[in-house]
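Sequence plus predicted model, see below.
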Amino acid sequence: MDIIISNASGKPIYEQITAQIKEQIMSGELQEGEPLPSMRTLAQQLRISIITTKRAYEELERDGFIESFTGKGSFVATQNKELFREESLKQIERSLMQAVEKAKQTNISFEELSDIMKVLYEGDE
């Protein structure tokens with residue numbers, strides 16, 4: 001499991017960890033039932049506080065991406081297709097919001113933006 005922490009990022013470290021683990025789970029890089037490093041091991045690998053890794057794991061568990069068992073560790077949770085769909089929709093909404101804001105800043109009309117989306121979505125058909 002590769003996690004890269006950026007000090008230049010405006011996001012807190014625990015959010016960076018959470019986002020990267022979610023992405024690895026959603027992409028299939030981390031499979032359901034696969035063990036995650038212990039909080040202590042991950043903290044040592046990333047050279048961060050164990051409190052930070054604990055918070056990231058708690059968020060992942062709260063969101064249903066991992067399951068933790070006392071004395072056994074944390075594991076990728078059974079894949080919930082609806083959860084993955086919802087997470088994908090949130091990511092798409094964030095990306096589209098950035099595109100809409102950029103379009104507004106550069107005076108691109110809704111129709112032009114819609115045409116761009118149509119071309120991108122349908123590809124070179």
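Perfect, I can see it now.

Could you chop this protein up by domain?
13-76, 81-122 (automatic domain parsing).

starting at the chain centroid, how far to stretch 6-15?
13 Å (Cα atoms, centre = their mean, to the nearest Å).

what do you get for stretch 64-72?
With Cα atoms, centre = their mean, you get 18 Å for stretch 64-72.

Same question for stretch 9-21.
Centre to centre, stretch against its chain (Cα atoms, centre = their mean), the figure for stretch 9-21 is 8 Å.

Show me which residues of it are buried.
For stretch 9-21, a neighbour-count test (16 or more other Cβ atoms under 10 Å) marks Ile13, Tyr14, Gln16, Ile17, Thr18, Gln20, Ile21 as buried. For glycine as for every other residue, the C-beta is placed from the backbone atoms N, C-alpha and C.

quick one: contacts of that stretch?
Stretch 9-21 is contacted from outside by 1-6, 30, 36, 42, 46, 48, 52-53, 55-56, 59-60, 65-66, using Cβ atoms under 8 Å, 6 or more residues apart in numbering.
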